[in-house]
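>>> pasted the sequence and its predicted model underneath.
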2 protein chains.
Amino acid sequence: MTAQTVLLDFSIDPSRIGDKVGLKDTVKLLEKGLLEFFPQLKLIFETSTSDGHLCVFSQNDAIFLNARFFNHGIIAINIEYFKDNVEQPFVTFDKIRSLEKLLRKMLEAERSKHFPPIKRGCRIDVYLTSSDERILEYDIDKVIYEGTSPFQKIQIVHSKSLGNMLVLDELQNIAESDLIYTETLMQRGIENYEGKEICILGGGDGALLYELLKEKPKFVTMLEIDEMVMQVCNKYLKSICGDVLELRKSDNFEIIVDDCMIYLDKFIKEGKKFDYVFGDLTDIPISDTPTGEVWNFFRSILEHSFKILKPTGKYLTHGNGANRPDSLSMFEEQLEKLEPKVKFTRANAFVPSFMEDWVFYQITFDDV
Amino acid sequence: MTAQTVLLDFSIDPSRIGDKVGLKDTVKLLEKGLLEFFPQLKLIFETSTSDGHLCVFSQNDAIFLNARFFNHGIIAINIEYFKDNVEQPFVTFDKIRSLEKLLRKMLEAERSKHFPPIKRGCRIDVYLTSSDERILEYDIDKVIYEGTSPFQKIQIVHSKSLGNMLVLDELQNIAESDLIYTETLMQRGIENYEGKEICILGGGDGALLYELLKEKPKFVTMLEIDEMVMQVCNKYLKSICGDVLELRKSDNFEIIVDDCMIYLDKFIKEGKKFDYVFGDLTDIPISDTPTGEVWNFFRSILEHSFKILKPTGKYLTHGNGANRPDSLSMFEEQLEKLEPKVKFTRANAFVPSFMEDWVFYQITFDDV
């Protein structure tokens, strides 16, 4: 039960809109074409716009159709209707395709475009957004879990192709399809974890811990604040976290449920040092300037992390979408401010559930 | 220079739309909220619909805003305006986010949603569609090549994250990011091509041939009809096809530019047999029933291919999106009709440039 919006557009000779007589003919032509698909269609409103013309059509007061004529030669058509689950859709994809073809011919359009119906008012949100604000429609067919912890909104949704997906505060986080994410974060095949001491900041989905343990480290300490995330992932993302969130500790790992800052301070005081620290917390914030609470938190985490790293140690973390050079630069600016000086390398991976290329950082002390 | 459409929607208590007095208040409330973002906004048209109400607002005859109130409790808002390249956009993403937040609060909506602005009338089409008709916005920033061969429309576009992409007749075909496509098609690491005789039907992008040659086959014969595709790929997809489209033949491969059916007939007549035949032609057609020219062509290809396979030979081909079980079933029905009987296995891979899971088939004679 959703409303649906179908978008179509056509590029035509601008003179057929800008010129008054031309416009009248173009409107008539469009109406004629539309009538073949919507026989009861009526023009119910029209007005001039600063950049062209607007017509509103209605079929039986149920399907409404806006046609906007832009002087630059674009006709943008929006068709909107309510779609009941039990009924056949008013407008099928085949019908849209045929309508586009017909109108393209009638309007002698040099280009045309149709979009799949956009579902409005969905209980299950299938439209997620990439880091660079592109619209991506997922094949999500079920919300498996929904809850709110003291820290965030937690959802597990099921995607037909990506498996179960963890969505935190409306942002896609990790899915069953995303081994490449964890492998790129940990630089599998490049880094050697055997016998090493490792600290994970965050990592509540358990995937990083699970994969690291396969590499025979000496000990992994994971600091995760959100108990609820771990319970949910243990239940619904078993294929990526195995039994680590169930066990919570063993002879080679321990999960501590607390604010990682408290433990970072504790480790610094004790002089405890690690071979690897993983920053698996919130994504780098997307904002115009590197200010505000999240960036301060982020800088503070970095400063503390380097204090618990051995001189030859590495800090590994995820960055942001490769299409956000602005955000990545801000991250790198923060790195440059650190004392003692650090240096870094970057690695990229196309993460299935993000549907985009993601950047990961490997950071060491500069004098290594 | 495009028109842009911004979609927002809200789910509210249905009684606030279905009830006449309630509706009036809801419209007023919405108008009040919108005025904070569009101070010159005027209601220029309204009408009752069979399922609720429709309002059309205008700001300075330039930004038009449709608000449709559905009795089921959905308000769908479409904001449309022309965006010049030189001007600041009327509506920024931050502004949309703030507007959604404000209206959600004012309307006491239980859920709300905003979409990134949808670009209309673009010269470069960034919206491609998945096999199951989902909308996917690509980070395409350039059309590198556009031409029409006797067989198809050929485009090379550049995606910031996927590299150069081959688009044939508006369908994404292969991109520089898609080694996994070729590796899954050829079952790298599972099949052993050393010393084998191989025939590729199609494969004009050169990627399959290029990867196969790394596995030391005895000889690969490639039958591709479209000379122009090969010239274009040789120029713009060098990273996936190496020099094979440049060389055209060597001591272990040959590309024959012709209709593969002619050569299949020729091979059958000569009694020539291969260890592997690859079907790297058009995708399985998406249609309701397995009829029509494309399916006939497809069946015919399969029948002929098995006649040039050694008894232990394999036919490897791509199928369709994993989300199109209807289309995959039709393909499998065709396989069942073949004489002598065949059997098959399936493999899946998430193909970056398709942004979806794709199915590949490995087919052998049933008595192997």
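Everything's here; your move.
>>> just give me the longest strand of chain A.
strand A:309-321 (DSSP state E).
>>> and the next element down the chain from that strand?
Later in the chain than strand A:309-321, the nearest helix or strand by DSSP states H and E is helix A:325-336.
>>> now do that next one against strand A:309-321, angle only.
Counting by axes from the mean of the first three to the mean of the last three CA atoms, to 10 degrees, helix A:325-336 lies at 170 degrees to strand A:309-321.
>>> wait, A:Gly279 sits on A:Gly202?
Yes. A:Gly279 is in contact with A:Gly202 according to CB atoms under 8 Å; the separation is 7.3 Å. All C-beta atoms are positioned from the backbone trio N, CA, C, and that covers glycine.
>>> which of these two has more neighbours?
A:Gly279 (23 against 20; other CB atoms under 10 Å in any protein chain shown).
>>> tell me the average confidence for stretch A:67-85?
Average pLDDT, stretch A:67-85: 92.
>>> buried stuff in it?
By neighbour count on 16 or more other CB atoms under 10 Å in any protein chain shown, the buried set for stretch A:67-85 is A:67-83.
>>> distance from the chain centre to it, please.
Offset of stretch A:67-85 from its chain centre (CA atoms, centre = their mean, to the nearest Å): 27 Å.
>>> gap between A:Glu227 and A:Pro117?
A:Glu227 sits 41 Å away from A:Pro117, going by CB to CB, to the nearest Å.
>>> which neighbouring elements make contact with the helix or strand of chain A with the lowest mean pLDDT?
The helix or strand of chain A with the lowest confidence, counting by mean pLDDT, DSSP states H and E, is helix A:293-307 at a mean of 85. Contact analysis of helix A:293-307 by 3 or more CB pairs under 8 Å, 6 or more residues apart in numbering or on different chains; DSSP states H and E lists helix A:260-270, strand A:274-280, strand A:309-321, helix A:325-336 as its packing neighbours.
>>> and the longest one, which strands flank it?
Take DSSP bridges as the rule and strand A:309-321 pairs in its sheet with strand A:274-280 (parallel), strand A:356-365 (antiparallel).
>>> let's test this: mean pLDDT of it, rounded?
pLDDT averaged over strand A:309-321 gives 96.
>>> ranges for the helices of chain A?
Taking DSSP state H, the helices of chain A run over residues A:15-18, A:20-37, A:93-106, A:179-186, A:207-213, A:227-236, A:238-241, A:244-247, A:260-270, A:293-307, A:325-336.
>>> most packed of the ones you listed?
Neighbour counts (mean count of other CB atoms under 10 Å in any protein chain shown) averaged over each of the helices of chain A peak at helix A:207-213, with a mean of 24.
>>> same for that one, what does it pack against?
helix A:179-186, strand A:197-202, strand A:219-224, helix A:238-241, helix A:244-247, strand A:253-257.
>>> before we move on, back to that, output the longest strand of chain A as PDB, nothing but the C-alphas.
What follows is strand A:309-321 as a C-alpha-only set of coordinates in PDB (Å, rounded to 0.1, in the frame of the first residue of the first chain):
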ATOM      1  CA  LEU A 309      50.500   1.700  20.000                       C
ATOM      2  CA  LYS A 310      54.000   0.100  20.000                       C
ATOM      3  CA  PRO A 311      56.500   2.200  18.000                       C
ATOM      4  CA  THR A 312      56.100  -0.300  15.100                       C
ATOM      5  CA  GLY A 313      52.300  -0.500  15.600                       C
ATOM      6  CA  LYS A 314      49.600   0.300  13.100                       C
ATOM      7  CA  TYR A 315      46.200   2.100  13.300                       C
ATOM      8  CA  LEU A 316      43.700   0.700  10.800                       C
ATOM      9  CA  THR A 317      40.400   2.400  10.100                       C
ATOM     10  CA  HIS A 318      37.700   3.000   7.500                       C
ATOM     11  CA  GLY A 319      37.400   6.400   5.900                       C
ATOM     12  CA  ASN A 320      34.600   7.400   3.700                       C
ATOM     13  CA  GLY A 321      33.200   7.000   0.100                       C
END
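>>> which positions in it come out as buried?
For strand A:309-321, the neighbour count (16+ other CB under 10 Å) marks A:Leu309, A:Gly313, A:Lys314, A:Tyr315, A:Leu316, A:Thr317, A:His318, A:Gly319, A:Asn320, A:Gly321 as buried.
>>> so the last one touches A:Asp132, yeah?
In this case it means A:Gly321. Yes. With contacts counted by CB under 8 Å, A:Gly321 reaches A:Asp132, the gap being 5.9 Å.
>>> where do the contact lists of the two overlap?
A:Glu356 (CB atoms under 8 Å, 6 or more residues apart in numbering or on different chains).
>>> so where's the stretch 51-200 of chain A shaky on pLDDT?
Counting by pLDDT under 70, the stretch 51-200 of chain A contains low-confidence residues at A:85-90.
>>> now the stretch 251-368 of chain A, which segments are flagged as low pLDDT?
Using pLDDT under 70, the stretch 251-368 of chain A drops low at A:282-292.
>>> ok and the residue in it nearest chain B?
A:Asp357 (3.8 Å; CB to the nearest CB).
>>> what's the neighbour count on that residue?
22.
>>> contact partners for it?
Counted by CB under 8 Å, 6+ apart, A:Asp357 has contacts A:Gly321, A:Ala322, A:Asn323, A:Asn348, A:Ala349, A:Phe350, A:Val351, B:Lys160, B:Ser161, B:Leu162.
>>> filter those residues down to just the ones in strands.
Among these, DSSP E puts A:Gly321, A:Asn348, A:Ala349, A:Phe350, A:Val351 in strands.
>>> can I get the residues you listed in CSV including distance to B:Asp9?
Supplementary listing: those in CSV, determined by distance: CB to CB, whole Å:
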residue, distance to B:Asp9
A:Gly321, 26
A:Asn348, 35
A:Ala349, 34
A:Phe350, 31
A:Val351, 28
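>>> just the buried residues of these.
By 16+ other CB under 10 Å, the ones in strands among the contacts of A:Asp357 give A:Gly321, A:Ala349, A:Phe350, A:Val351 as buried.
>>> any idea what the residue lying closest to A:Thr148 once chain neighbours are set aside is bridged to?
Setting aside the residues directly before and after it, A:Thr148 is nearest to A:Ile154 in space (CB to CB, 6 or more residues apart in numbering or on different chains), at 6.9 Å. On the basis of DSSP bridges, A:Ile154 is bridged to A:Gly147, A:Leu168.
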